[in-house]
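S.K.: please find the sequence and the predicted model below.
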Amino acid sequence: MKRGMNYMKKLFCLAAMILTFSLNAVLAYSNTVYPNTDLTSLEFTMEGDPIIYSNYPETIYNGQPMQPELNINQIGMSMGKFYGVGRYFNKTDIEKDKKYSTELYNGRSPGIAETYVFAMAFIFEGEENETADITIYKAGQQNSVRVNSILKMSLDTQFNYYNSDIYKNYSSLGKEYSKPRVINMKGKDAKIVIFEEIENKSGYANCRIQFVSNKNVKLVQFYALKSTLTDDLSALGFDGVSQDNFDKANLYDRISEISQDENRVKKLEESPKYWTTTTAVLNYDKRKTSFDAPVGTKFCLSNAGHLKGTGTKGIRDLNINEYEYLREDDYGGFPFNGERIHDGNYSIEYDIELKGAGGKKLKIIPYKEDGKSISSGAILYNSIYGFWYYPEPNADYWIMPVPKDEKFKFVLPGSVYGDIQFEVIEGGENHSITLDNTYDAWAEESLADALYSGIVPYNLQKNYKDVMTREDFCQIALQLYLNRQGKTFDEFIEENGIIFNDEVFNDTKNRYILLAYNLGIVKGMGNGNFAPYEPITRQQAAVLLSNLYIRLHINAETKKVEKYKDDEIIADWAKSSVYTMSGLQINGKDMPVLEGVGNNCFSPLGFYTRQESIATILRIYNMF
């Protein structure tokens with residue numbers, strides 16, 4: 001049975017938010033009023049995998065209630081003075097061979113727990129006489145010690161979850177790749193996946209993981225006061241709170257016993273069902289919709305009832321199939337059509353297609369408590385950027401270009417209000433794309449078209465006159481390939497069951513290079529090296545483009561090409577590719593994919609600049 005705990009509205013976000021990760025092309029603005037009329041009703045299909053929905057399980061602070069009117073101690077929620085002194089313990093049955101995700105958020109405010117320190121963890125428990133392998137595919141975690149950075153913490157958690165490897169936060173936006181972490185369990189072992197500790201007077205922690213187990217197991221979401229854990233560990237002969245001591249002391253079993261205390265369970269079962277937020281197991285972690293979206297279209301995602309009132313009198317019924325009804329043994333939620341639904345849709349991934357809106361812009365407006373303080377944030381994805389990001393959280397609204405495929409994705413991070421409004425507005429020149437001022441005039445149109453088409457990774461959308469490295473050329477080629485598959489990097493490898501051998505090359509674990517190698521698009525330089533940071537030569541680019549062309553199964557016109565004057569210096573291994581790509585014609589244009597440098601020379605050892613590389617990749621894109 002779920003042991004949901006949440007008694008506190010998300011009011012901490014009302015403090016000033018600090019500047020956070022943002023994109024130059026996603027502009028932020030101020031001085032707007034949150035509109036709440038003329039919203040289009042959307043109908044979603046529910047897709048994806050189960051999500052263990054547990055948000056804000058507070059009040060573990062030595063029995064001090066966060067919302068006294070709920071009489072938390074009396075209903076046994078806090079596990080405080082009466083039931084174990086400051087522990088939260090929530091256990092969920094996990095079915096084998098089914099992928100799950102889960103997010104857990106916890107915070108404590110000044111004046112409530114100023115002298116306390118807490119620890120948190122995700123813990124897996126095995127079954128008797130069984131061995132289990134649990135694969136962790138994604139993980140994101142972040143903590144904060146300031147009230148005014150609570151939103152940034154939640155945004156960072158989601159950013160790390162979608163873009164980074166397990167326990168790694170790469171500034172290169174996920175360039176590096178490592179294999180998913182596998183946890184081996186025997187019998188009723190308990191294994192900790194994430195362990196966080198906050199030591200300041202007020203702090204917050206947020207974690208999210210995605211995993212699958214080959215056997216039935218249990219997942220425990222756990223919080224406890226550090227003072228409580230210190231006493232527990234000391235009684236067992238261990239000095240200090242740490243993940244290592246937690247494991248060695250097998251403290252998990254003791255906490256589990258406390259969580260099943262008969263008095264606590266009885267109080268929990270007698271408690272009211274309706275609380276501020278929810279602890280539940282939802283069947284689907286994705287929502288998908290497609291609709292006509294002319295200029296002026298307005299819609300709202302993660303409706304939480306604030307636009308036309310609060311609580312149960314809001315507009316939770318504006319969209320169809322946005323929320324799931326809760327199960328009988330789920331806790332929390334709000335009454336809705338004789339059932340209960342959860343609040344906010346935190347960590348639910350929205351996949352939106354705006355028919356007819358390509359080249360336009362989206363105005364994105366976060367909810368503002370009482371029309372004053374910003375109380376919302378968002379993490380977004382579209383093919384123009386090619387990765388998940390979040391715009392500046394302290395702006396009144398954001399502007400995002402709608403890409404050629406007319407799609408974007410949205411996730412509401414834990415700890416903040418929902419009710420994010422979107423409006424389709426007019427675009428501008430060059431499909432609303434903003435370029436930095438580092439390109440030559442001849443490249444402007446090609447660069448804008450390529451960004452709009454979603455074939456230029458975000459980290460390559462600058463310094464266009466720089467020489468292109470082998471790594472970067474490989475990345476942009478893979479971006480085109482994934483664009484044509486209609487998949488993100490993670491979606492493609494997941495759906496095709498691709499497992500990388502990250503020991504192929506001695507000098508790189510770049511995931512684009514490893515996938516390109518897996519697909520037969522690139523090879524190394526010999527002796528187990530790829531030389532990722534060396535400039536790519538024109539003949540090396542020709543070979544890569546030829547392999548990409550074959551992999552994409554393009555049927556295009558070719559012309560015979562006159563022998564280049566510098567043919568004798570074109571390597572034998574590149575000659576066929578050079579002439580193939582030089583003769584390959586773009587649809588409807590007398591223009592080859594790969595051109596010479598003038599005077600009938602190819603310059604096989606010459607280098608490509610970034611703008612030349614993007615223009616060349618765009619020509620292949622335009623062959624479809």
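M.R.: Right, received. Where do you want to start? Computed from a predicted structure; not experimentally measured.
S.K.: in terms of secondary structure, what does the helix or strand harbouring Ser446 contact?
M.R.: Ser446 belongs to helix 444-453 when elements are defined using DSSP states H and E. When contacts are defined as 3 or more Cβ pairs under 8 Å, 6 or more residues apart in numbering; DSSP states H and E, helix 444-453 sits against helix 610-621. The C-beta positions use only the backbone N, C-alpha and C, and glycine is treated the same way.
S.K.: other residues contacting the helix it packs on?
M.R.: Under the criterion Cβ atoms under 8 Å, 6 or more residues apart in numbering, residues 439-440, 443, 446-447, 449-450, 453, 455-456, 460, 463-468, 472-473, 476-477, 480, 483-484, 536, 541, 545, 548-549, 552, 554, 586, 591, 593-594, 608 lie in contact with helix 610-621.
S.K.: the inter-axis angle of the helix holding Ser446 versus helix 610-621?
M.R.: 60 degrees (axes from the mean of the first three to the mean of the last three Cα atoms, to 10 degrees).
S.K.: for helix 444-453, which outside residues touch it?
M.R.: Applying Cβ under 8 Å, 6+ apart, the set of residues contacting helix 444-453 is 359, 383-384, 401, 403-404, 430-433, 435, 439, 456, 461, 464, 483, 611, 614-615, 617-618, 621.
S.K.: of these, select the buried ones using a PyMOL command.
M.R.: If you want just the buried ones from the contacts of helix 444-453 in PyMOL, going by 16 or more other Cβ atoms under 10 Å, the selection is:
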select buried, resi 359+383+384+401+403+404+430+431+432+433+435+439+456+461+464+483+611+614+615+617+618+621
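S.K.: by contact count, what packs against the strand of greatest length in the chain?
M.R.: For the chain, the strand with the greatest residue count under DSSP state E is strand 131-144. With contacts defined as 3+ Cβ pairs under 8 Å, 6+ apart, the packing partners of strand 131-144 are helix 150-163, strand 181-186, strand 190-198, strand 204-213.
S.K.: tell me the most buried of these?
M.R.: helix 150-163 (a mean of 26; mean count of other Cβ atoms under 10 Å).
S.K.: report the angle between that helix and strand 131-144.
M.R.: Using the same axes, to 10 degrees, helix 150-163 lies at 140 degrees relative to strand 131-144.
S.K.: now for helix 150-163, which elements pack on it?
M.R.: Short answer (3+ Cβ pairs under 8 Å, 6+ apart): helix 150-163 packs on strand 100-107, strand 131-144, strand 204-213, strand 379-381.
S.K.: now render those strands as TSV, adding mean pLDDT and distance to Gln221.
M.R.: Below are the helices and strands packed on helix 150-163 laid out as TSV (pLDDT from 0 to 100; distance: least, Cβ to Cβ, whole Å):
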stretch	mean pLDDT	distance to Gln221
strand 100-107	79	5
strand 131-144	83	13
strand 204-213	85	9
strand 379-381	89	22
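S.K.: would you format the ones you listed as a markdown table with distance to Ile183 included?
M.R.: Formatted as a markdown table, the helices and strands packed on helix 150-163 follow (distance: least, Cβ to Cβ, whole Å):
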| stretch | distance to Ile183 |
| --- | --- |
| strand 100-107 | 14 |
| strand 131-144 | 4 |
| strand 204-213 | 9 |
| strand 379-381 | 27 |
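S.K.: out of those strands, which is closest to Gly414?
M.R.: Nearest to Gly414, of all those, is strand 100-107, at 3.9 Å by Cβ to Cβ.
S.K.: following element in sequence after the closest one, please.
M.R.: Downstream of strand 100-107, the next assigned helix or strand under DSSP H and E is strand 118-125.
S.K.: quick one, that next one and strand 181-186 angle?
M.R.: 60 degrees.
S.K.: give me the neighbour count for Gln221.
M.R.: The tally of other residues near Gln221 (other Cβ atoms under 10 Å) stands at 24.
S.K.: secondary structure class of it, three-state.
M.R.: strand (DSSP: H, G, I helix; E, B strand; the rest coil).
S.K.: residue boundaries of the helices in the stretch 451-600 of the chain?
M.R.: 470-485, 489-495, 511-518, 538-551, 572-583 (DSSP state H, counting those that start in this stretch).
S.K.: so which bits of the first one are buried?
M.R.: This points to helix 470-485. Under 16+ other Cβ under 10 Å, the buried positions of helix 470-485 are 470-484.
S.K.: before we move on, the earlier item: by mean pLDDT, show me the worst of the helices and strands packed on strand 131-144.
M.R.: Lowest mean pLDDT within the helices and strands packed on strand 131-144: strand 190-198, at a mean of 72.
S.K.: for Asn90, what is the enclosing helix or strand?
M.R.: In this structure, Asn90 is located in strand 87-94 according to DSSP H and E.
S.K.: number of residues surrounding Gly526?
M.R.: 8.
S.K.: I meant Glu128, not that one.
M.R.: 6.
S.K.: how about Lys298?
M.R.: 17.
S.K.: quick one, what contacts it?
M.R.: Taking Cβ under 8 Å, 6+ apart, we find Lys298 in contact with 35, 38-40, 421-424.
S.K.: Val467 now?
M.R.: Contacts of Val467 by Cβ under 8 Å, 6+ apart are 535, 607-610.
S.K.: just the residues you listed: which has the poorest pLDDT?
M.R.: Lowest pLDDT among those: Tyr608, 90.
S.K.: so it sits against Met468, correct?
M.R.: Yes. Tyr608 lies in contact with Met468 (Cβ atoms under 8 Å); the separation is 4.6 Å.
S.K.: neighbour count for the two, which is higher?
M.R.: Met468 (24 against 21).
S.K.: any chance of a markdown table for the helices and strands packed on strand 131-144, columns distance to Tyr389?
M.R.: Putting these into a markdown table (distance: least, Cβ to Cβ, whole Å) gives the following:
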| stretch | distance to Tyr389 |
| --- | --- |
| helix 150-163 | 7 |
| strand 181-186 | 25 |
| strand 190-198 | 23 |
| strand 204-213 | 16 |
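S.K.: out of those, which comes closest to Ile379?
M.R.: From the helices and strands packed on strand 131-144, taking Cβ to Cβ, the stretch that ends up closest is helix 150-163, at 4.5 Å.
S.K.: only C-alpha atoms, please: export the closest one in PDB.
M.R.: The C-alpha trace of helix 150-163 is given here as PDB (Å, rounded to 0.1, in the frame of the first residue of the first chain):
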ATOM      1  CA  ILE A 150      14.300  25.400  -5.200                       C
ATOM      2  CA  LEU A 151      13.000  25.800  -8.800                       C
ATOM      3  CA  LYS A 152      16.600  25.700 -10.200                       C
ATOM      4  CA  MET A 153      17.200  22.500  -8.300                       C
ATOM      5  CA  SER A 154      14.100  20.800  -9.800                       C
ATOM      6  CA  LEU A 155      15.000  22.000 -13.300                       C
ATOM      7  CA  ASP A 156      18.600  20.800 -12.900                       C
ATOM      8  CA  THR A 157      17.300  17.400 -11.800                       C
ATOM      9  CA  GLN A 158      15.300  17.000 -15.000                       C
ATOM     10  CA  PHE A 159      18.000  18.400 -17.100                       C
ATOM     11  CA  ASN A 160      20.500  15.900 -15.700                       C
ATOM     12  CA  TYR A 161      18.000  13.100 -16.000                       C
ATOM     13  CA  TYR A 162      17.400  13.700 -19.700                       C
ATOM     14  CA  ASN A 163      20.900  14.800 -20.800                       C
END
